[in-house]
Structure formats: structure tokens, C-alpha cells
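K.L.:
please find the sequence and the predicted model below.
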Amino acid sequence: MKTIHITIASVILLAVILTNCKPVDIDPDTLIRQTATDTITLAQVRAFSRVDVPANFYLTDAGKQGLFVLDRADKTTEDNTGIVLVTANGRRYKRQFTGAANAGWFNILPADDDIGPELQTAINATTGDLFIPDGQYVQQTPVRMRTNLGLRGTPGKVTITLPKSYVSLFSPIDSGPSFDNVSIDGINWVVTATGEATYGVISIDGPTVNNLTIQNCRSSDAAAQASANFLTLKIQAGKMAKNVTIRQNDIQAKRMAFELFNHDNYNVYAGQNITVTGNTIHECTFGISLSGPLDGLMISENYIKNCSLYGVEIAGASKNVNILNNKFEGTFDKFIEGSNDGFGNGLVVGGLVIVGNQTVGSVTGGIQLFNAGAAQFNHNTLNMSGRLELLTTSSAGGVYESNIIVSGATHAIICDNAPNNTFRDNTISNKPSTENVATFRAYGEKATGVIVANNRFSKGTGGVYFDAVSGASYSVTANIDESGKPIQ
């Protein structure tokens, strides 16, 4: 029989080995169940702490239904309720869907007293389009938009009431990156806020803007207190705004329906290709105001009613301006206020194009054109209390042709130091005026080279059909009165 000798050193070595022997950690991914899709509620997902996790599941909560798939690699994305869900043991599941994300997935509900925080979460989480389901919503806190996003609703079916904030949608808080490829479509707003305000429902102030579309929206702030805009787009120094389209909206705003301005980029056409078309604008102070060095403006086929100051204002240094086929109704100071000063310093590039516009009934107000350049003012049908007024030597070389202009003023048309403009083949009347001075007047020593030819005139009581005063000069040829007789 052999004797076994166990040394003290052997005992110590064995103890060390046993002490350092631990069970091998189980890789959770080896326990992912690849069986048929589980059905589970949102609360169950978040409470899930088992090691044997499902590869996917179908969420059953009303309004949030959908297929979610485990993302094994993601360890950091936050739970946002709509697209990413995180379990108690830190596993991330991602919603599988095509097309627009649904705002209802993010707890944006008509019953919520403020959808602002949930809408912000949804905008931050969504790539592409975010669709708001039909309903009446309340928003008390403004939301920051981001680039590459379409915010959509079924036109006429989604209404957001603003009881505290005048702003619903702000531009991104970081004005450094571009604000690109953004669309706001089919949303209604009702502003009932009673505090003070600066901007308005959609306010973009800071970033460079590329490809912005606002369409099929409605807004009213008649019940609100402050005078604010619907849309404010401010182009800051060193920034640009290109390809902006505003169409098919119905807007009432106590201040301006649409204000886009570039006041911080002197001599730089920082706003380019801006289209405002097919909108209904009513009960505003200004309807459309486009101001500063801007290039490529199209204001067309809008219906503009009762804007107490201006219907359409082109202010400052703009070029390539088209005001086409708009309708004006009701009361204004000026329903078109135009300036086409190419560089902001009196050097005009091109001229205003004002064609095919008309009034609905007799409009209170008139048209005033500063720096109209070599304007094309043609085929407009206007019945107004005010007059067509051309001002300054920068309103030079224009052709005013084939218009019907009926005015209740002492002058239907006045060229005030505006030279070398031609008026031909028009019907010009101030017969509604209770006191006619001159139906057409050239005024001021710089109003030279004015041509008045082949027009049909009718005038109010007293006065003359046309005159030139205070040093003005003009030529008159082949004009007739309302009965067709030549005017001598």
C-alpha cells in the first residue's frame, strides 16, 4: 500500500485554482428565440428582463400597433415610444415600417393638454415624413423643426390650438447647419394666446434654408391678443434662403400672413426663388411682404382681401419680381406696394412684372410703385378708390399697356418724377371721382419722355383728361374719350 503525501504547497495551489474558477457568462444573443412573433403590450416590453429575448414581437397597444425587431448592436438609443423601445435589461427594438411615421405612435393624442413635448420627440426621432392623425390638438410649448422632414396632416382634418404660445414651429435651435428639404402640409392652427408675441405660428430665424414648402395649411389668430405673423422667415447675415414655396394656404393674421426678409446682407441677394401662389389671405395688416435683396419672386394667383395696409409689398432691393393673376377685394391702403431696386442703392436691374391682376368689385386703396424699373404693367383690370402712382426716377422705361383702370381719385394715374414710361392701349377712368383734376398727370421736372398713346379716357366732373405740371413733359397721341371721339 502506497502512502500519499500531500504537501502544504499542493493544497494552496488547489485552493487558488478553485477560487478562480467562475461560471462562463452566457451571451444573451445565444438565447434569442426565433419562434413565431410574440404579441406584447408596451408596458410588457419595457418590463421585459428575461435573458431569452424574442427576436421580434408585435406591439398590440391601440394606435401604436406594429412589428418591432431586435437590434443586437444598438446599446445606446433612447426609448422614444414610437420607433425605438427599450426593455428593462437594455435591449433595443426598432419598429419596422415604410412611408410616414405616425404621430400617434409617440402619444400625440387629442386628449393631451400639450402635444409640444411629444411632437418634439417625434420630430427628433423621425427620418422622412411625420403624419399627424385627424383630430383637434392643443399645443402650449413651441417645437423645433429639423432638416429633411415633412410634417403632414390630411388637409382640413388636423387642427392645433395655441392657447399660450404664438409659435407652433420654430427653426432648429442650432443655426449653423442648413435647414433643408422641409415640408409643412395640411395643418390648421387656431391661435388664442393672450400674451405678447414677436413672430408667429411658423418662425424661421437663423439657418440657411433650402427647399422649404408650406402648403394646404390654415391659420387664424382672430381670438388672440398680440399682432403676429403666420409665417416669418428672417435671413440672417451670412445665410441664404433658396427655393421657398408657399401655396394653397388660407391665412388670417393680425400682422402679416407671410413675411420673408433679408435685411442683414447688404448688396447680397440672399433670398432666391421664392414663390407665393394660390393662397387665400384675409384680414391682415400686410398680406405678403417680401423685403430686402431678393431675386426671383413669384406672387401669383392669390386671393387677397381686407389687408389694412398692403396686400402685396415688395420692399427694398428685389429683382426679377413677378406679380401675376392675383385678385384683390375689400379695403387696403395700397393693395400693391412695389419696389424693384436691384442693389439697394438706386441702381435698378430689370423691372417689375405686374400682369393679369384684378380687383373684385371696387377696392378701397391704390397701387404705388417705387423703383419700378422698366416695368411691364399689362392686362390688369382694376377698379379702385386710389390711383396708380409711379415714383422716382428709378421707375423709368416701363410699358403700361392694355389695362383697365377705374379710379375714384383726382388722378387715376400719376407719374411723379418717373421718366420715359409709355401708357398705351389702356382704358383709363376716374369718372367715379367727385372732383377731377387730371385723369392722367405727369408731375415734376424729372418726369420727361412720358408717352400717352391710343388710350380711351373718361373723367370725373371738371378738370382735364391729362396734363403735365411742375416741369414734366409728355407726348399724347391718338387718345379718345369714352364715346370714341379724339381728345384734342
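P.N.:
Sure thing, it's come through.
K.L.:
residue 322: how many residues sit nearby?
P.N.:
16 (other CB atoms under 10 Å). (Each C-beta comes from the backbone N, C-alpha and C, glycine too.)
K.L.:
okay, and it sits in which element?
P.N.:
strand 318-324 (DSSP states H and E).
K.L.:
now do the contacts for residue 241.
P.N.:
208-210, 212, 233, 235, 260, 262, 270-272, 274 (CB atoms under 8 Å, 6 or more residues apart in numbering).
K.L.:
quick one, strands of the stretch 1-150 of the chain?
P.N.:
For the stretch 1-150 of the chain, the strands defined by DSSP state E, counting those that start in this stretch occupy 38-40, 56-59, 66-71, 84-86, 92-95, 101-102, 128-131, 135-138, 143-144, 149-152.
K.L.:
kindly reformat those as CSV containing mean neighbour count, mean pLDDT and distance to residue 183.
P.N.:
Formatted as CSV, the strands of the stretch 1-150 of the chain follow (neighbours: other CB atoms under 10 Å; pLDDT from 0 to 100; distance: least, CB to CB, whole Å):
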stretch, mean neighbour count, mean pLDDT, distance to residue 183
strand 38-40, 16, 88, 35
strand 56-59, 19, 94, 28
strand 66-71, 16, 96, 24
strand 84-86, 20, 98, 24
strand 92-95, 20, 97, 22
strand 101-102, 22, 98, 14
strand 128-131, 18, 96, 8
strand 135-138, 18, 98, 19
strand 143-144, 18, 96, 15
strand 149-152, 20, 97, 4
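K.L.:
quick check: buried residues in stretch 325-343?
P.N.:
Using 16 or more other CB atoms under 10 Å as the burial criterion, the residues of stretch 325-343 that qualify are 325-330, 332-342.
K.L.:
among those residues, name the ones in strands.
P.N.:
327-330, 332-339 (DSSP state E).
K.L.:
least confident pick among those residues?
P.N.:
When it comes to pLDDT, residue 339 is the least confident member of those, at 75.
K.L.:
poorly predicted segments of this protein, please.
P.N.:
1-36, 174-176, 340-349 (pLDDT under 70).
K.L.:
domains in it, by residue range?
P.N.:
28-95, 103-481 (automatic domain parsing).
K.L.:
off-centre distance for the shortest one?
P.N.:
When distances are taken as CA atoms, centre = their mean, to the nearest Å, domain 28-95 is centred 39 Å away from the chain's centroid.
K.L.:
check contacts around the residue nearest to residue 38 when sequence neighbours are not counted.
P.N.:
Nearest-residue entry for residue 38: residue 57, 4.1 Å, with adjacent residues in sequence omitted and distances by CB to CB, 6 or more residues apart in numbering. Applying CB under 8 Å, 6+ apart to residue 57 gives the contacts 37-40, 45, 67-68, 93.
K.L.:
again, but for residue 471
P.N.:
Applying CB under 8 Å, 6+ apart, the residues near residue 471 are 444-447.
K.L.:
and residue 251, by the same measure?
P.N.:
217-220, 230, 257-258, 279-282, 284.
K.L.:
quick one, what contacts residue 137?
P.N.:
108, 110, 112, 115, 158-161.
K.L.:
could I get the residues you listed as CSV with distance to residue 147 and neighbour count?
P.N.:
What follows is the contacts of residue 137, written out as CSV (distance: CB to CB, whole Å; neighbours: other CB atoms under 10 Å):
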residue, distance to residue 147, neighbour count
108, 21, 25
110, 29, 13
112, 26, 16
115, 22, 26
158, 22, 23
159, 26, 17
160, 22, 23
161, 27, 17
